[in-house]
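Asks: The amino acid sequence is not available; the structure is as follows:
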């Protein structure tokens with residue numbers, strides 16, 4: 001029943017990383033991205049500067065870390081439910097993203113609303129474009145078009161980030177309704193329904 005030391009160490013590292021990312025998001029929302037310092041973050045997270053730098057290079061890296069960790073969890077979830085050749089893959093991706101964004105409004109407020117840095121927003125968009133492009137090329141996502149893959153990925157992510165930003169600030173529609181709208185707009189078809 002004893003937990004192995006390396007396992008305990010990994011759990012402690014993950015907890016510390018989460019405290020740091022939570023602190024940076026809270027502080028950016030309170031003070032604005034440009035005024036937050038590493039000292040502010042370490043004080044809020046109750047960690048030393050050295051500990052901060054074990055996990056992140058700078059505050060942008062810490063905000064990115066919060067987003068990246070979440071998207072890696074989403075990728076694992078989506079890969080587990082992947083159905084080769086199914087139009088439900090794209091719909092499930094939209095649904096997972098809207099659900100995650102709704103559950104992590106503070107993070108997305110920083111990433112998409114201009115409360116973070118322009119470089120950070122560009123980094124998020126580039127990450128999503130590359131993931132979408134990979135999904136298109138591997139046949140995971142079918143946008144029902146013969147347009148160039150890069151164009152489709154850029155268009156879909158541009159639409160997604162703008163709609164996410166709007167939705168988080170002005171709308172209370174459930175994630176499934178937003179996923180339906182995104183699917184209909186980007187694919188031009190009614191969303192696929194789960195098999196009965």
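Replies: The structure has been received and is ready for your questions. The shown structure was predicted, so the numbers you read here are calculated from the model rather than taken from an experiment.
Asks: Going by neighbour count, list what's buried in the lengthiest helix in the chain.
Replies: If you go by DSSP state H, the chain has its longest helix at helix 5-31. For helix 5-31, the neighbour count (16 or more other CB atoms under 10 Å) marks 16-17, 19-29 as buried. The C-beta positions use only the backbone N, C-alpha and C, and glycine is treated the same way.
Asks: Those into CSV, with extra columns for distance to residue 46 and pLDDT?
Replies: Shown next, in CSV, are the buried residues of helix 5-31 (distance: CB to CB, whole Å; pLDDT from 0 to 100):
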residue, distance to residue 46, pLDDT
16, 10, 95
17, 13, 92
19, 7, 94
20, 10, 95
21, 14, 91
22, 11, 90
23, 8, 94
24, 13, 91
25, 16, 88
26, 13, 90
27, 13, 91
28, 18, 87
29, 19, 85
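Asks: Could you single out the nearest of those residues to residue 176?
Replies: residue 25 (25.6 Å; CB to CB).
Asks: What residues does residue 117 make contact with?
Replies: Applying CB atoms under 8 Å, 6 or more residues apart in numbering, we find residue 117 in contact with 33-34, 60.
Asks: Going by neighbour count, which of those residues comes out on top?
Replies: residue 33 (19 neighbours; other CB atoms under 10 Å).
Asks: quick one: that one from residue 160, how far?
Replies: Residue 33 is 22 Å from residue 160, where distance means CB to CB, to the nearest Å.
Asks: Now do the buried residues in the helix or strand hosting residue 125.
Replies: When elements are assigned from DSSP states H and E, residue 125 belongs to helix 118-137. Judged by neighbour count using 16+ other CB under 10 Å, the buried positions of helix 118-137 are 120-121, 123-125, 128-129, 131-133, 135-136.
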